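Novice: got a predicted structure plus its sequence, pasted below:
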Number of protein chains: 4
Amino acid sequence: MRKDVYYGEYLQLDKILEAQLPESDKEGIDAHDEMLFIIIHQAYELWFKQIIHELKSVHVIFNKNEINDNAPDLYKVVHRLKRIATILDVAVHQLSIMETMTPLDFLDFRNLLRPASGFQSIQFKIVEAMLGLKLENRFGKEYYVSQLNAKDKEIIRVTEEQSSVIEEVNKWLERMPFVDDTSAWDGFKGTDDKSTNFWEDYRSAYKASLTQGEKDNMERFEKVFFEKEFTADRRFSNKANRAALFIMLYRDYPLLQLPYQLLNLLLEIDELMSMWRYRHMNMVHRMIGMRVGTGGSSGKDYLKSALDKHYIFAEIAELNSFLIERRNLPKLPANLEKRLGFVHG
Amino acid sequence: MRKDVYYGEYLQLDKILEAQLPESDKEGIDAHDEMLFIIIHQAYELWFKQIIHELKSVHVIFNKNEINDNAPDLYKVVHRLKRIATILDVAVHQLSIMETMTPLDFLDFRNLLRPASGFQSIQFKIVEAMLGLKLENRFGKEYYVSQLNAKDKEIIRVTEEQSSVIEEVNKWLERMPFVDDTSAWDGFKGTDDKSTNFWEDYRSAYKASLTQGEKDNMERFEKVFFEKEFTADRRFSNKANRAALFIMLYRDYPLLQLPYQLLNLLLEIDELMSMWRYRHMNMVHRMIGMRVGTGGSSGKDYLKSALDKHYIFAEIAELNSFLIERRNLPKLPANLEKRLGFVHG
Amino acid sequence: MRKDVYYGEYLQLDKILEAQLPESDKEGIDAHDEMLFIIIHQAYELWFKQIIHELKSVHVIFNKNEINDNAPDLYKVVHRLKRIATILDVAVHQLSIMETMTPLDFLDFRNLLRPASGFQSIQFKIVEAMLGLKLENRFGKEYYVSQLNAKDKEIIRVTEEQSSVIEEVNKWLERMPFVDDTSAWDGFKGTDDKSTNFWEDYRSAYKASLTQGEKDNMERFEKVFFEKEFTADRRFSNKANRAALFIMLYRDYPLLQLPYQLLNLLLEIDELMSMWRYRHMNMVHRMIGMRVGTGGSSGKDYLKSALDKHYIFAEIAELNSFLIERRNLPKLPANLEKRLGFVHG
Amino acid sequence: MRKDVYYGEYLQLDKILEAQLPESDKEGIDAHDEMLFIIIHQAYELWFKQIIHELKSVHVIFNKNEINDNAPDLYKVVHRLKRIATILDVAVHQLSIMETMTPLDFLDFRNLLRPASGFQSIQFKIVEAMLGLKLENRFGKEYYVSQLNAKDKEIIRVTEEQSSVIEEVNKWLERMPFVDDTSAWDGFKGTDDKSTNFWEDYRSAYKASLTQGEKDNMERFEKVFFEKEFTADRRFSNKANRAALFIMLYRDYPLLQLPYQLLNLLLEIDELMSMWRYRHMNMVHRMIGMRVGTGGSSGKDYLKSALDKHYIFAEIAELNSFLIERRNLPKLPANLEKRLGFVHG
């Protein structure tokens, strides 16, 4: 017989609600808003823990010997990435609470926090690392490393050693059947009834779709999909890029719907994290103007430079440059169509 | 010399991030979403703590011997109620995260939680009590009481003993100068150049504004503003109602702007809490259908009945029934106008 | 050679931006906020037009001789219902703009609008009718009918004559293969290795899952899934209910994922429309208190009574009462599992 | 006797709902999502019209001979800027509807729109111009000008000739009493009981508040508040900057509350417009990748460069760099305090 569960005990509210110790209280300074400052950061950390919980389960699924498309594996990945996006959406919205603290209210306790800083949120760094942001690709990595204590640095190192979502997605795309499997394309006739190779056919169709100012795109097309050297230092290989484009083009087929949602969610997560950084940057700008951050950073300027470098899945977004109009899409051979659908009868 | 502050220690993340112990883990049952269930409730409790922090400071201000309109007192009350509204807005939005948990996912661990229930959130009850919801006015109070342990019942009892926001606002409205102060109205000439009494004049103007189907409103008008017996068991006295209407009508004057914002924020908070209950009810309905709540309540039906009874500031909303068109408003005497503005020169 | 397209002409902004003629202007009355009142209603009507555009395409798909699960048919239905949900979410949020108009600002022009009223939004009625709300099931249908002119009444009558989403979904559920197809269940062994019939097996499992207070649910179970008389006057037949429950229980299988999303979106749309009505009701309450609506309705009370009656897909939500824990779910026979997945090899 | 008003006629829905003519219809091409594309842009244009309506009324108020602090003038300005912020918030949210259109869906009709482009939204340019963005300060002004037809160029020229919000706010700040009025400071004793000049005193206090890395801020302090040459080519004069800082520091006093809200709203509007541009840029990036915009722009890159240059009120945000802790603020002389409050007795 199980013991009765009581709400407050189940949630361990004694720990949660006793964990606010304003520095201003210790100093006997009146700073009403420090409580808000503590609580909103704790709320963020709770959500980061949840995001890590989801990312860990995604990691486990992607590292199974074989992802079973007929079992809930891929569905779970998609569902959990969707949840992460929903959490990030609330996280962005939640900044509106922080914005009720005016610059003067913040000054009441700001100097008591030195040299602590939001850069020390190790969980946020773990989220970025699990998604695939490498320390070496971070803006201002020296500053960033200098902010962390030894234990936290080690945590990041260990996290980076494991495969990240971006690497796992690259592998999963490379394993995607059909794309490079000649037998699957048996009977393919191309747009012009002559070509028997999908990619040759698509190359012509894409070329035909370019306007005057876009001629350079052709060169890029070759690099992204066919030049090994080009993708050597990128996150996605030629093969993975081809698979991703194939998914984007034919996502109407049942088998490709979850894969398409997955790619979309990666972009959505990237955008939401970017949005979070952007609103956060604006808020910091409004809060401290051109003063130095509590942790000694250059404040707004640091955050701004990080904006662009910290996109993780930009290579996927780039693939949208290589779409053509649906009505010009090469028709798939009957046998392949069948394999992208369900068994009937 | 102060000790260096480190982010994780400052926020006591060791406590916050170690406070998730899923019941399913104890039982060796696989229930991925119980982590979400715990964390979202903890996030809510953090926000409730913040709301209580704000309400306590409002309580202190309202209980000063005299609220100083020329010092930041009233501004602080307004600013903090505004923050509470912002938090509630995020709290409503946050339900979208809970909605990513499907009914089947919830069933994975739902039975392990009995007889715990969200009704046991003592902080939410404190928020309601501090605003002014009395235990005796709650829907299903027997059930409600039965859910709490002795310690929590005592906390509610003590909270109810202190003055609540609604009582404090009533007193503050009763103290509002001008409204019933005949000297302030010196020189008043009324709409028709005859009446010398503001309320007589307004009564006629209101009567003239009513349409066919609204004749009963006149009787209500008398009750709300002038019949002691009627307001005896209500939260706002006749006098407070008159002051509140005066504020609504002449809120364009500088002195009345903060008071107007205050009244508006009380309505906004009521609506947001109602919205929270409503979306929560819909979510419960979708999650458990017509099954009994973990705490033994009738689930959705309980929540639905609570919707209407738990409006706290409905009497203020009702006053909007007694407005008239701005262009028909009686003009204030010059001396009173001056007192509602600033000193110049 | 096509003519160059220019932004303003393409969008016909001459029509759109010249369509605001405040009544207060005609009367020479100063009522700054009437412009807002007109524009927000026009924005709503644009969105209603878009929703109708999506619903029409859903209607066309559902009325094809056969919905092709291997072509984008079902995907399109899901994608467009999702868009409708997104629009409704913005529509709810958009009320916050209306809320910047205070009751006194509204009074500046309110009386000039009689007897017009939001009840006369024929497009919103069309949306409700296309989803499946029948005139005869509306709260206060006499009042509702009295508000419309002859042309608009005729539009509603014609809309109701066509099949609605709820009827189309019922038919689509009835067509769902497997559920009642004995050959599909070949090899089924049930939880206890004895039962050979899925529904017998499930009935026992569900019964075992009920707690003390839920014994009545068993009777309901029989009615919903097996008693023809019971579903005679409901929107979903026994057969459709069984199919819907099957989808909910086994939505992890690839073939059932889009169907599951479809059912979920219907609930989401219902909730968002309900949320819209609820916030709208609160706003009306705050705006006019207990006064009569411009169209002569009882204002808030009317809206409140409509809240509950206007849920369209409540029967689907109810099915969540009949789920059991995933770990107790009867295992599907191998052949059926295969048919719920993709062809491989 | 007025004619009865009917909802659809009042809103001129015949114009509004007949103004959608998809180019794909003309070409007989199936492009379901072009309707969405048209309607969302029309909804944006409606909101831009509303914003212009509010900005025009703000312009009228600011150009009265004297803004009357005791009449609703300033309150109206604040209330209407607040409404603009609320509209922009919905406008940002509304992008989520556009995001339900996938890149492939857009391609169905994208090429039919050339060379139209969102850059041709003349109303959005008017909003920017009315707030204070000058053509000469726009990123890529040649491209921008090349997009507009002669009539629209003329509209912008005329709009720029009138005073903009930023110029009006500068003048209004310069008119702010007290700040430079020595008589108002009679009895001022400074933090150290020695200084008799507020700004000297504040200069010392600010200097004392700077940390190691912030020494350059002192030079900036002098420039912003006291060097005429520095502010010669800026939007805010030294005098206006001093008044704005004074408002930020002493906003707790009744007279300064509306002015403080006004400054805050300008920053909020700037941020929301920036957020709109940022999310829009991300969406364009996702939609067309690295392809050229329909109007021939460089697409995402153009939008990105515009982000930073198009902040209008950055000079106000910068003032937050010059705050000091509230507990170190110089105390105002009694007489000034009185003038910042209300008349009593």
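Specialist: Yes, it's here.
Novice: quick check: the gap between residue A:200 and chain B.
Specialist: For residue A:200, the distance to chain B equals 43 Å [C-beta to the nearest C-beta, to the nearest Å]. Any C-beta I mention is one placed from the backbone N, CA and C, and that applies to glycine too.
Novice: ok, that residue - contacts?
Specialist: residue A:190 (C-beta atoms under 8 Å, 6 or more residues apart in numbering or on different chains).
Novice: show the average pLDDT along stretch A:119-135.
Specialist: The pLDDT scores in stretch A:119-135 average 90.
Novice: just checking that stretch against chain D, any contact.
Specialist: No. Under the criterion of C-beta under 8 Å from any C-beta of the partner chain, chain D is not reached by stretch A:119-135; the shortest gap measures 15.5 Å.
Novice: repeat that for stretch A:312-321.
Specialist: Yes. Using C-beta under 8 Å from any C-beta, we find that stretch A:312-321 touches chain D at A:317, A:318, A:319, A:320, A:321.
Novice: neighbours of residue A:193, how many?
Specialist: 7 (other C-beta atoms under 10 Å in any protein chain shown).
Novice: can you give me the helices for the stretch 51-200 of chain A?
Specialist: A:73-98, A:103-110, A:122-131, A:141-147, A:150-161, A:165-175, A:198-209 (DSSP state H, counting those that start in this stretch).
Novice: tell me which of these sits nearest to residue B:246.
Specialist: helix A:103-110 (31.7 Å; C-beta to C-beta).
Novice: and that closest one, what does it pack onto?
Specialist: helix A:23-27, helix A:34-62, helix A:254-288, helix D:238-249 (3 or more C-beta pairs under 8 Å, 6 or more residues apart in numbering or on different chains; DSSP states H and E).
Novice: which ones are touching residue A:54?
Specialist: Counted by C-beta under 8 Å, 6+ apart, residue A:54 has contacts A:80, A:81, A:83, A:84.
Novice: measure it to residue A:193 for me?
Specialist: Between residue A:54 and residue A:193 the distance is 48 Å, computed by C-beta to C-beta, to the nearest Å.
Novice: pull out the buried positions in the one helix or strand residue A:317 maps to.
Specialist: For residue A:317, the enclosing helix or strand under DSSP states H and E is helix A:314-318. Judged by neighbour count (16 or more other C-beta atoms under 10 Å in any protein chain shown), helix A:314-318 contains these buried residues: A:315, A:316, A:317, A:318.
Novice: backbone phi and psi for the residue of the stretch 151-300 of chain A found nearest chain C, please?
Specialist: Nearest residue of the stretch 151-300 of chain A to chain C (C-beta to the nearest C-beta) works out as residue A:252 at 3.6 Å. The phi/psi pair for residue A:252 (degrees, to the nearest 10) reads phi -70, psi -20.
Novice: can I assume residue A:15 is in contact with residue B:14?
Specialist: No. If you go by C-beta atoms under 8 Å, residue A:15 and residue B:14 don't touch, sitting 9.2 Å apart.
Novice: which parts of the stretch 101-250 of chain A sit against chain B?
Specialist: A:112-123, A:149, A:152.
Novice: drop anything exposed from the residues you listed.
Specialist: A:112, A:113, A:114, A:116, A:117, A:118, A:119, A:120, A:121, A:122, A:123, A:152.
Novice: now the closest residue to residue A:76 other than its chain neighbours: how far from residue B:270?
Specialist: Distances taken as C-beta to C-beta, 6 or more residues apart in numbering or on different chains place residue A:61 nearest to residue A:76, at 6.0 Å, with adjacent residues excluded. In this structure, residue A:61 and residue B:270 are 45 Å apart, going by C-beta to C-beta.
Novice: try residue A:66
Specialist: 55 Å.
Novice: returning to that earlier point: least reliable of the helices of the stretch 51-200 of chain A going by mean pLDDT?
Specialist: helix A:141-147 (a mean of 76).
Novice: what's the offset of it from the middle of its chain?
Specialist: Computed by C-alpha atoms, centre = their mean, to the nearest Å, the chain-centroid distance of helix A:141-147 equals 22 Å.
Novice: stretch A:262-282 too?
Specialist: On C-alpha atoms, centre = their mean, the centre of stretch A:262-282 falls 7 Å from that of its chain.
Novice: what do you get for stretch A:199-212?
Specialist: 30 Å.
Novice: re the thing from before, right, and the residue of the stretch 151-300 of chain A closest to chain C touches residue C:78 too?
Specialist: No. Contact criterion C-beta under 8 Å: residue A:252 and residue C:78 do not qualify, at 11.7 Å.
Novice: of these two, give the one with the bigger neighbour count.
Specialist: residue C:78 (21 against 18).
Novice: circling back to that earlier point, residue D:102 versus the residue of the stretch 151-300 of chain A closest to chain C, what's the distance?
Specialist: Taking C-beta to C-beta, one finds residue A:252 at 11 Å from residue D:102.
Novice: before we move on, back to that, near the closest residue to the residue of the stretch 151-300 of chain A closest to chain C other than its chain neighbours, how many other residues are there?
Specialist: Using C-beta to C-beta, 6+ apart and skipping residues adjacent in sequence, the residue nearest residue A:252 is residue C:72, 3.6 Å away. Neighbours of residue C:72 under the rule other C-beta under 10 Å: 17.
Novice: much appreciated, bye for now.
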